[in-house]
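S.K.: Structure of the sequence below:
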Amino acid sequence: MSQIHNNLLQMPQKNKTLGEFIIENQGEFKYSSGELSRLINSIRLAAKVVNHEVNKAGLVDILGAAGDVNVQGEDQQKLDVFANEAFIKTLTNREIVCGIASEEEDDFITIRGRNEKNDNKYVVLIDPLDGSSNIDVNVSVGTIFSIFRRVTPEGTPVTLEDFLQPGRNQVAAGYIIYGTSTMIVYTTGHGVNGFTLNPAIGTYYLSHPNMQFPESGNIYSVNEGNYVHFPQGVKDYIKFCQAEEGERPYTSRYIGSLVSDIHRNMIKGGIYIYPNTAKDPDGKLRLLYECNPIAYIVEQAGGKASNGFERIMDIQPTKLHERVPFFCGSKLMVEKAETFMQAAKS
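M.R.: This next block holds a predicted model:
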């Protein structure tokens, strides 16, 4: 056995496993009944299945377009379809949620128990494979999930009302990043913790406890190819980032995979911007599947998330696939961007 393999087996043993962490901290959750813990464990299991497919994508017929178009009007990749089915199947079979909404599905899914009722308390909203257009070029992709406590009576079928809740009502949110290492990063409202998968034994270990955004940073992440179509406030902020003054110019880093960009900026300090454009006047990112869960994580890590004017988690959704502009990251950087947005609006 190689020394590298030995290190893989031995080093993580010093850290807490995700399972141990969930059990030890479930008392912090005010509705603690073990149900939320089982739900996060199910997401962990599905993530390992998806990770396995992502890691062997170049070896099997799982790359490329599936030939279908999702509700967003985007070409579905084969791994999009696989990941969507994997998460839905895992959550449905374990009967631990009463409803699921996926970015890849037209409508939400009602889950009924064996007695045609469902007494479970939670609904899950999920982007099964964010950044999937990058799969063919071997760039990191991710899964994003958001968990709410249902608002309709237990034992009845879920309704649209259970899913159209403002982000501040989330009880948990997280993302899985499938990269050079696979990580689960999540929060239940008591800080953000990251767990790295040891592929040698298939276990996640606490590798990034109490993750925090630096208050400021020197990275700005935006697709500058769309610059001419950006609102004036965004153009002005980009010019500010590029100006030579103090610690500027900032470094431009944009992967085009939301989870990867957010993860890097949380560790190194930075701002991520996906504004509205002339082509997409409402923005491109989805409020329920991407912006709300990322905003919850960002705020719990000491950062800030807004649409340029308003806190993301205070927005009242009106439809399942609603889109919004998105500014998030280090607090001082987001606040600076908001001042440019306000100035251009006035």
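S.K.: Now the terminal residues of stretch 132-145, how far apart.
M.R.: 16 Å (C-alpha to C-alpha, to the nearest Å).
S.K.: now swap in stretch 325-338 and tell me
M.R.: Stretch 325-338: ends 12 Å apart by C-alpha to C-alpha.
S.K.: I'd like the mean pLDDT over that stretch, please.
M.R.: Stretch 325-338 shows a mean pLDDT of 98.
S.K.: so how far is it off the chain centroid?
M.R.: Counting by C-alpha atoms, centre = their mean, to the nearest Å, stretch 325-338 is centred 17 Å from the centre of its parent chain.
S.K.: Give me the contacts around that stretch.
M.R.: With contact meaning C-beta atoms under 8 Å, 6 or more residues apart in numbering, stretch 325-338 is reached by 213-217, 220-221, 233-234, 237, 240, 262, 265-266, 269-276, 282-283, 285, 290-291, 294-295, 298, 302-309, 312, 341. Every C-beta, even on glycine, is put in place using the N, C-alpha and C of the backbone.
S.K.: residues of it that come out buried?
M.R.: Neighbour counts over stretch 325-338 (16 or more other C-beta atoms under 10 Å) mark 325, 326, 327, 328, 329, 330, 331, 332, 333, 334, 337, 338 as buried.
S.K.: farthest pair in those residues?
M.R.: Spatially, the most separated pair among those is 325 and 332, at 19.4 Å (C-beta to C-beta).
S.K.: so what's residue 173 up against?
M.R.: 144, 145, 146, 147, 186, 187, 292, 293, 294, 296, 297.
S.K.: Quick one: end-to-end distance for stretch 253-260.
M.R.: End-to-end distance (C-alpha to C-alpha), stretch 253-260: 11 Å.
S.K.: ok, back up a step: are any of the contacts of stretch 325-338 buried, and if so which?
M.R.: 213-214, 216-217, 220-221, 233-234, 237, 240, 262, 265-266, 269-276, 283, 285, 290-291, 294-295, 298, 302-308, 312, 341.
S.K.: what would the contacts of residue 173 look like in CSV with pLDDT and distance to residue 106?
M.R.: Output for the contacts of residue 173, formatted as CSV (pLDDT from 0 to 100; distance: C-beta to C-beta, whole Å):
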residue, pLDDT, distance to residue 106
144, 98, 19
145, 98, 19
146, 97, 18
147, 96, 21
186, 96, 27
187, 95, 29
292, 98, 20
293, 98, 20
294, 98, 23
296, 98, 25
297, 98, 27
